[in-house]
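[1] fold the stuff below for me.
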Amino acid sequence: MTRPTAPPVRRRPPATGSRPRKRRQFIPPQHGAWAMLLVPWLAAVLTLGLRWPHLPLLGAWLTGYLLSYYLLQAVKTGRFGRFRVQLWTYGVPTALLGGLVLLLRPDLLWYAPAYAVLLGVNVAYARRRAERALGNDLASVAQSCLMVFVCATAAGQPPETVVTAFLAVTAYFIGTVLYVKTMIRERGSTSYYRASVGYHVASVALAAWLGPPLLGVFLLLLVRAVVLPRHRLTPKHVGLIEILASALVLVASTS
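    Below is the predicted model of the structure:
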């Protein structure tokens, strides 16, 4: 007498992680970039007061970054077809929102040559697959911090109204580029460590001229640049510290 066979057990297919992978197809894995996008815009808006053209400007700024990221990926790989969906997804809202802002403030076209040159620098580094080079990072900092003046023009205000905010966020982000390299990609490099510390000393002198609140923050940033590279921190911890640092710079530059 044969034993009855048990019915086959249906196994649940293993999780493939398709959602996270799909999300990564449309959201760049560059967490630090969001601070570089938002802090200059916030610094200008908190200094000037929010004007309604700032809102479509922010939308165009964010989608423009996403568009540029996937455009540079296409340049780097030479596979534009691979990123066609992302280019359309972010290109259309960038064009629409950017066009609206330009209709409201045609003077913003004066910034186009500067952004074109800086984007050209990014393209050149992408072709060489050298996006992590110091020159490329500094070009990205310039793009981000120029947004402080763009916001002033969008509000119909002269650039001198946001000079303090511009100098503060620019000094901070340049220092952050050097400091983060000493913590991750150039960890143990004596030349980068000296450049980072030397730059932060100079930025303290600038902060002293800008005012006591910024002087206090940049003294803390100098301590960070001197002490933390001697300790092993994970990229996550480095990022969390920079979130706090950028918030302090933002508050001090607009107080």
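
[2] where does Leu50 fall, phi/psi-wise?
    phi -70, psi 130 (degrees, to the nearest 10).

[3] and what of the one 10 residues further on?
    For Ala60, the backbone dihedrals (degrees, to the nearest 10) come out as phi -70, psi -40.

[4] same deal with Gln30?
    phi -120, psi 80.

[5] tell me the pLDDT at it?
    pLDDT for Gln30: 75.

[6] contacting residues around it?
    Listed by C-beta atoms under 8 Å, 6 or more residues apart in numbering, the contact partners of Gln30 are Tyr69. Placement of C-beta: from N, CA and C, glycine included.

[7] if we go to 10 Å?
    The contact partners of Gln30, by C-beta atoms under 10 Å, 6 or more residues apart in numbering, come to 36, 65, 69, 131, 140.

[8] any idea how far Glu186 is from it?
    18 Å (C-beta to C-beta, to the nearest Å).

[9] Thr170 too?
    According to C-beta to C-beta, Thr170 and Glu186 sit 21 Å apart.

[10] where does the prediction get shaky in the stretch 151-255 of the chain?
    For the stretch 151-255 of the chain, no stretch is flagged by pLDDT under 70.

[11] nearest residue to Phe218 other than its sequence neighbours?
    Computed as C-beta to C-beta, 6 or more residues apart in numbering, the closest residue to Phe218 that is not its neighbour in sequence is Ala207, at 3.8 Å.

[12] for that neighbour, helix, strand, or coil?
    The three-state label given to Ala207 by DSSP: H, G, I helix; E, B strand; the rest coil is helix.

[13] in stretch 215-233, which residues are buried?
    215, 217-218, 221-222, 224-225, 228-229 (16 or more other C-beta atoms under 10 Å).

[14] quick check, nearest of those residues to Leu55?
    Val217 (28.2 Å; C-beta to C-beta).

[15] which helix or strand contains that closest one?
    Assessed by DSSP states H and E, Val217 sits inside helix 212-227.

[16] same thing with Leu97?
    Per DSSP H and E: helix 84-104 holds Leu97.

[17] please name every helix or strand in contact with that helix.
    helix 54-77, helix 134-154 (3 or more C-beta pairs under 10 Å, 6 or more residues apart in numbering; DSSP states H and E).

[18] tell me, how many residues neighbour Glu242?
    Neighbourhood size, Glu242 [other C-beta atoms under 10 Å]: 20.

[19] now it: how far from Tyr179?
    Counting by C-beta to C-beta - Glu242 and Tyr179 are separated by 9 Å.

[20] where do the contact lists of the two overlap?
    With C-beta under 10 Å, 6+ apart as the test, Glu242 and Tyr179 both reach Arg224.

[21] and the furthest pair within the buried residues of stretch 215-233?
    Maximum distance among the buried residues of stretch 215-233 (C-beta to C-beta): 22.6 Å, for Leu215 and Pro229.

[22] tell me the one of the contacts of Gln30 nearest Leu55?
    Nearest to Leu55, judged by C-beta to C-beta, of these is Tyr65 at 16.3 Å.

[23] cool, thanks, signing off.
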